[in-house]
Each structure stands twice: as C-alpha cells, then as structure tokens.
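[1] using only what follows, build the 3D model:
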Amino acid sequence: GEVFQRYGVELTRFATSLVGPADAQDVVSDAFMAALWSDGWDRVEDQRAYLYRTVVTQARMNHRSTIRRRSREHRAAPVFTVASPTAEIDVWNALAHLNVIERSVVFLTYWEDLTEVDVAVRLGMSERTVRRHLGRARNTLGRLLDV
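    Sure thing, here's the model as predicted:
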C-alpha cells in the first residue's frame, strides 16, 4: 500500500500516455501486482524505476492483447463505417503510430520534463538508447505532422 501511494498517481499518468485513459489503471494495477509478486522485489534498489519498467512491460502486453482482440472482432463482425462528428486530433493519431518505448520516452521527456539521463534511469536503459528512441519518435512525428 505504501509503495502504491508513493508512485501510483505518477505511474497512472505515465500509463495513460502509453495505453490511454481507459486501460491505464488496469495496466498500473497489473504492474504493481507483477512487481510485488516477483521473487526479486525484496532486492530491488530503485523501486520507482523498477515499477516504470514494469508498466512499460504491461503496456506492451496490453497492446498485443488489444491487437489480437481487434483482429478477432474484425474477422467475426461486419465493418460499419460511421462518420465521426468531431475532428480527429492529429497529434494523438501521430502518437498512436509510435511503439510503446518511443511513447514512453516522449512522455517522460516532454510531459514530465525529464532529461535523457533521468529517462534512462527511470526506464532502465542507456542514454544512447533513449536518444535513439527519441530521435525515431521525433522523425515519425515530424513526418506524420508535416513539421
């Protein structure tokens, strides 16, 4: 309970950027359960970083599950096209084209205003890897948004 109170809100915000508001709380709950039930939780030195990495893992699993479910639904049901009464947000659509790691790096860099060093520590990867994912994300977003 103490760990969840300490990191729950920020991890939910982070998960929302990865999977959207509908699935964020489930991803965070699954991440906490996976972390707390793991054999190595007692030996974890940086619980916050470990939980961030676990949220990324759970977001990936959620994404794969959603893709498989949508594929099954698409095969089973006829497709009906309905015009949306609201305009689609270009940025949100562009972000949806990024993979989970790229979205993670973008969120932590721009929404949480972390440095590349801090992002690397939080996600358990090297600074070079963070720069590579951030560069790929910027290229993709620039191409999709015609920047």
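
[2] rest of the way, CA atoms for contacts and neighbours
    OK.

[3] list the residues that contact residue 57.
    Residues near residue 57 by CA atoms under 8 Å, 6 or more residues apart in numbering: residue 31.

[4] let's have the chain start at 46 instead
    Sure, I'll start counting at 46 from here, so that last one is residue 102.

[5] that one: which element?
    Residue 102 belongs to helix 92-121 when assigned by DSSP states H and E.

[6] how far out from the middle of the chain is that helix?
    With CA atoms, centre = their mean, to the nearest Å as the basis, helix 92-121 stands 9 Å off its chain's centre.

[7] how about stretch 89-98?
    16 Å.

[8] ok, stretch 143-155 next?
    7 Å.

[9] centre-most residue in the protein?
    With distances taken as CA atoms, centre = their mean, residue 63 lies nearest the centre of the chain, 2.6 Å away.

[10] got the contact list for it?
    69, 101, 104, 145, 148-149.

[11] closest to residue 46 out of these?
    residue 69 (18.4 Å; CA to CA).

[12] so that closest one sits right up against residue 53, yeah?
    No. Judged on CA atoms under 8 Å, residue 69 makes no contact with residue 53 at a distance of 11.0 Å.

[13] these two: which has the busier surroundings?
    residue 69 (23 against 19; other CA atoms under 10 Å).

[14] against residue 60, how distant is the nearest residue to residue 100 once chain neighbours are set aside?
    Distance criterion CA to CA, 6 or more residues apart in numbering; nearest residue to residue 100, sequence neighbours excluded, is residue 76 at 5.2 Å. According to CA to CA, to the nearest Å, residue 76 and residue 60 sit 10 Å apart.
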